[in-house]
Each structure stands twice: as C-alpha cells, then as structure tokens.
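Undergrad: Predicted structure and sequence below. I'll ask about it afterward.
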Amino acid sequence: GNSVTQMEGPVTLSEEAFLTINCTYTATGYPSLFWYVQYPGEGLQLLLKATKADDKGSNKGFEATYRKETTSFHLEKGSVQVSDSAVYFCALSDTGANSKLTFGKGITLSVRP
Amino acid sequence: GAGVSQSPSNKVTEKGKDVELRCDPISGHTALYWYRQSLGQGLEFLIYFQGNSAPDKSGLPSDRFSAERTGGSVSTLTIQRTQQEDSAVYLCASSSGLAGSQETQYFGPGTRLLVL
C-alpha cells in the first residue's frame, strides 16, 4: 500500500536559517504529491503540490521537487521566518477518481527570532 | 459557503454514547473525505464520498463508525458506543471531484472529540 515517511521532529531554527524537511514515499502508479501546513490554532491548508515527476511546487518561498528516481518530495525554504512556525505534513494521493490522501506523521517547525 | 465548515467544533461525551459529527463542504464540490487526526496514529483516511455514494469506506476503523451524505452536500459521521480510543480530531475535506488525484482538498477546522 501507499506510505509516506517524514523525517523525525521537532525542528527548531533561527530566523533566516535554511530549511529542509525530508519526505519519501512508496506508491503504486504515479501519485500526486503535496505539502500541507497546519498553523497554530488553524486547520490544514495546502502549501504546495506537484502532480508529475520533475515538477516543482512552490508557494510562500517554499519549494519541493517531485523526484521519481529517489521517490522523494523534500520541502525547502531559503530563509525561514517566525511566522513559518507550524506543523508540516507530506502527503500523496493515488491516481484515479478517489484522491484520498496518505499523510506522513507531520513535523513541528519552530522558528525563533 | 466560503469554505468547509464542521460542527460541533468540540464535543465531550461519555464512553458508550453515540455522537454525530457534521460536515458542510464547499458548494459544488462533489468529492468529500473524512480523516482522523490522533496523537498516536497521525492523520488517517476514513471514508470517501463521490456525490451521495461512498465507494471507499476502507478507513473506517470498526462497524461502530458510519457516515452518510445527502443531497450531494452535507455529510454526517456517526460513532456509536464511543470508546476512549475514539478521542481525536475529525477532519472533513472536499474537492471538486473533477480532476482525481491532482485536485486540492480543502479542509474544515475539524471537530475535537473527547470521550471520557
């Protein structure tokens, strides 16, 4: 079955530091890949997505590239801000009409001033 | 509406009681999903609706869990004879249902269920 593995957390960084959050997946077919974010006290929201190999998703300074050869979708940001403090979830959805999401465990990012 | 809404936002119940959780998806969205977010298990898929049909119920953890959707809109998740392990945040999401796996799912704020 499908699975998503995220690096263990939590992660604490200083403002303006470089961020990488690793994500690898196992899936049949050609899944779409997503990063969702949950800010404190808020609901899950889509951060970025990529729907085919070598696609790069980007939003709010975050980027992730769909790497089929390494089955990875690592999230990066060049300079984090305090407002980026949140829980980040990597997820995939399989091909077909049923696009149910399989999530990683999530990782908590704290950015200190 | 403007987004996915869920009610109640919080629910405290006693073990053995039944509870109903409601989800109101984005207007016009034909696909609706229920997920559960718990400390031990992370985010898990429960059930998928396309219109009023549920072609995938594979994530429902036991026969105490059921869900229905009427009029292609509002969905209700029912948990019978609640147990303490049912305590979690129950999330609902909807999408347009037109583009399959490439679609973005929009999540509601969740219902936080505590079973005493």
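TA: All right, it came through fine.

Undergrad: So what's the residue count around the residue lying closest to A:Cys23 once chain neighbours are set aside?
TA: Closest residue to A:Cys23 apart from its sequence neighbours, by C-beta to C-beta, 6 or more residues apart in numbering or on different chains: A:Cys90 at 3.5 Å. In short, each C-beta sits where N, CA and C put it, glycine included. Neighbour count of A:Cys90, defined by other C-beta atoms under 10 Å in any protein chain shown: 29.

Undergrad: cool, and B:Gly59?
TA: Around B:Gly59 there are 16 residues (other C-beta under 10 Å).

Undergrad: and it, how far is that from chain A?
TA: 8 Å (C-beta to the nearest C-beta, to the nearest Å).

Undergrad: Now do the contacts for that residue.
TA: A:100, B:34, B:44-47 (C-beta atoms under 8 Å, 6 or more residues apart in numbering or on different chains).

Undergrad: Tell me the one of these nearest A:Ser83?
TA: B:Glu44 (28.7 Å; C-beta to C-beta).

Undergrad: got the residues of chain B near chain A?
TA: B:31, B:33, B:35, B:42-45, B:48, B:50, B:55-56, B:59, B:91, B:93, B:95, B:97, B:100-110 (C-beta under 8 Å from any C-beta of the partner chain).

Undergrad: ok, and what's touching stretch B:61-69?
TA: Residues contacting stretch B:61-69 (C-beta under 8 Å, 6+ apart): B:32, B:34, B:46-47, B:49, B:51-52, B:54, B:57, B:60, B:75-83, B:86.

Undergrad: picking up where we left off before, including neighbour count, distance to A:Asn2 and secondary structure, could the contacts of B:Gly59 go into TSV?
TA: Formatted as TSV, those follow (neighbours: other C-beta atoms under 10 Å in any protein chain shown; distance: C-beta to C-beta, whole Å; DSSP: H, G, I helix; E, B strand; the rest coil):
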residue	neighbour count	distance to A:Asn2	secondary structure
A:Lys100	24	9	coil
B:Trp34	25	18	strand
B:Glu44	17	12	strand
B:Phe45	21	10	strand
B:Leu46	21	16	strand
B:Ile47	23	17	strand
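
Undergrad: All set now, cheers.
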